[in-house]
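**Q** take a look and give me a structure for this.
(chains A and B)
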Amino acid sequence: MTETSTTAAAPAAQATGPADPATAGETRADRFVRQLAEMRIPDPSAGRARLWLQVGVVLMAAGLAAGVASFFLSRGTTDALAQRDAQAVGIAGVCGCIVGSALYLRYTLANVLRFWFARLTLSVEAGPAEARPGGPETVEQTREDND
Amino acid sequence: MTAPHANLLELSGVHASYGRISVLHGVDLAVGAGRIVALLGPNGAGKTTTLNVAAGLHPADRGDVRVGGRVVAGADPVELARRGVCLIPEGRGIFPNLTVRENLRMMTFTGADRAAVEEIAYARFPKLAERRRQTAGTMSGGEQQMLALARGLATDPAVLLIDELSMGLAPLVVAELYELVVEIARTGVAVLVVEQFASTVMRICDLAAVMVNGRIERVDAPGDDLLADLSALYLGSAT
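**A** Residues are numbered from 1 along each chain as shown, chains lettered A, B, ... in the order given. As a prediction, the model looks like this:
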């Protein structure tokens, strides 16, 4: 069955240009196997995204804690050097908090936008709400009936 | 050269979940070139998830998904689609606000020529040629499903994954569509069909896999005993 030439093979053949003598006799299955073998597959990155999200949360919390700690460090001493150290800790904390917030926002926003986009696509595919059975008009009608 | 009926799609020990809810518990399934395998089972068995995992749309937690003999964990589903893994989702997945022609043009993402895409679609589905300027959402269910199949064919698929082809369609239309699926498979395409109406798909498939609670319980040639088994499962009296 795989030897059967198909009209369906035409577009991909056109897309890849003139037939290469080395691959001229190959079936669709052969071409598929070859193309899959040539395909570049990146490392699964889902775990990486989750890791960055966790790093963001940790940085946010640690930055906040460092900021508060630096206040008490600075207040608890009259030594100017120790106070400057506390300032440095505080600034580092603020920076960490900002970076952490950015990471958190980036990796949560991506998920939110993905779901939002999927939902939007679904609602467009389903058509306008009025046209759907059980849409707003039907609901109104049911309410009136109940009254 | 690839052996006839060599497995173009192979799932071995595939586990998948949605968050903490585990859906697939070690699915083993293979579809050879030119073969039609039906995936049957009651609602919530994990059939659609299996298709999504096979198409690269949902990650497998464990186990291997081999497409064209290669493990494709982490592969971009768009890249897989470009190379010939085609999923026709439940609900057809067409753009109802676009015309038939525009829907077909969307499939040029594979790099295929626009004219060639239309030529293939209209040659296989002459009805679509008559309705090329019609908005897809205004066509009958059967015609919309034809458009979905035509869009799939336009990508020059090597692996065709079909989810609930018969949904909302009259039995005669379903039979007609399944005849087309057989024709497609004869050209060497590996076809995996998810279907709830077992008797319909049993007439055309080479193998039927029964899925229950995320596991493949039985893989067999279609026959009356398999159908009886399925009826028992659907009615909840399986042993």
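
**Q** for the chain, what spans make up the helices?
**A** Since no chain was named, I'll use chain A. Here chain A has its helices, by DSSP state H, at A:10-15, A:28-38, A:46-75, A:80-126, A:136-146.

**Q** that answer is for a different chain, and I need it for chain B
**A** Applying DSSP H to chain B gives helices spanning B:47-54, B:77-83, B:100-105, B:114-124, B:126-130, B:141-154, B:171-186, B:198-202, B:224-234.

**Q** lowest average pLDDT across the ones you listed?
**A** Lowest mean pLDDT of the helices of chain B: helix B:224-234, a mean of 78.

**Q** report all helices and strands that that helix contacts.
**A** helix B:198-202, strand B:207-212, strand B:215-220 (3 or more Cβ pairs under 8 Å, 6 or more residues apart in numbering or on different chains; DSSP states H and E). Where you see a C-beta, it was placed from the backbone N, CA and C, and this is true even at glycine.

**Q** please repeat the previous calculation with a cut-off of 10 Å.
**A** Helices and strands touching helix B:224-234, as assessed by 3 or more Cβ pairs under 10 Å, 6 or more residues apart in numbering or on different chains; DSSP states H and E, comprise strand B:36-40, helix B:198-202, strand B:207-212, strand B:215-220.

**Q** report the buried residues of the second one.
**A** Of the residues in helix B:198-202, those buried by neighbour count under the rule 16 or more other Cβ atoms under 10 Å in any protein chain shown are B:198, B:200-202.

**Q** ok so, going back, which of the helices and strands packed on helix B:224-234 has the lowest mean pLDDT?
**A** Among the helices and strands packed on helix B:224-234, helix B:198-202 scores lowest, with a mean of 85.

**Q** about what we covered before: out of the helices of chain A, which one sits most buried?
**A** Of all the helices of chain A, helix A:28-38 has the most neighbours on average by mean count of other Cβ atoms under 10 Å in any protein chain shown, namely a mean of 20.

**Q** so which other helices or strands are in contact with that helix?
**A** helix A:10-15, strand B:7-18, strand B:62-67, strand B:70-71, helix B:77-83, strand B:159-163.

**Q** if we go to 8 Å?
**A** strand B:7-18, strand B:70-71, helix B:77-83.

**Q** give the rounded mean pLDDT of that helix.
**A** The pLDDT scores in helix A:28-38 average 87.

**Q** tilt between that helix and strand B:7-18?
**A** With axes from the mean of the first three to the mean of the last three Cα atoms, to 10 degrees applied, the angle from helix A:28-38 to strand B:7-18 works out at 50 degrees.

**Q** let's see helix A:28-38 as PDB, backbone CA atoms only.
**A** What follows is helix A:28-38 as a C-alpha-only set of coordinates in PDB (Å, rounded to 0.1, in the frame of the first residue of the first chain):
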ATOM      1  CA  ARG A  28       5.300   8.800   1.500                       C
ATOM      2  CA  ALA A  29       6.100   6.600   4.500                       C
ATOM      3  CA  ASP A  30       9.800   6.700   3.600                       C
ATOM      4  CA  ARG A  31       9.800  10.500   3.200                       C
ATOM      5  CA  PHE A  32       8.000  10.800   6.500                       C
ATOM      6  CA  VAL A  33      10.500   8.700   8.300                       C
ATOM      7  CA  ARG A  34      13.400  10.700   6.700                       C
ATOM      8  CA  GLN A  35      11.800  14.000   7.500                       C
ATOM      9  CA  LEU A  36      11.200  13.000  11.100                       C
ATOM     10  CA  ALA A  37      14.800  11.800  11.400                       C
ATOM     11  CA  GLU A  38      16.000  15.200  10.200                       C
END
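
**Q** could you export the helices and strands packed on helix A:28-38 to JSON lines, including columns for mean neighbour count and distance to chain A?
**A** As requested, the helices and strands packed on helix A:28-38 are exported to JSON lines (neighbours: other Cβ atoms under 10 Å in any protein chain shown; distance: least, Cβ to the nearest Cβ, whole Å):
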{"stretch": "strand B:7-18", "mean neighbour count": "20", "distance to chain A": "6"}
{"stretch": "strand B:70-71", "mean neighbour count": "16", "distance to chain A": "5"}
{"stretch": "helix B:77-83", "mean neighbour count": "19", "distance to chain A": "5"}
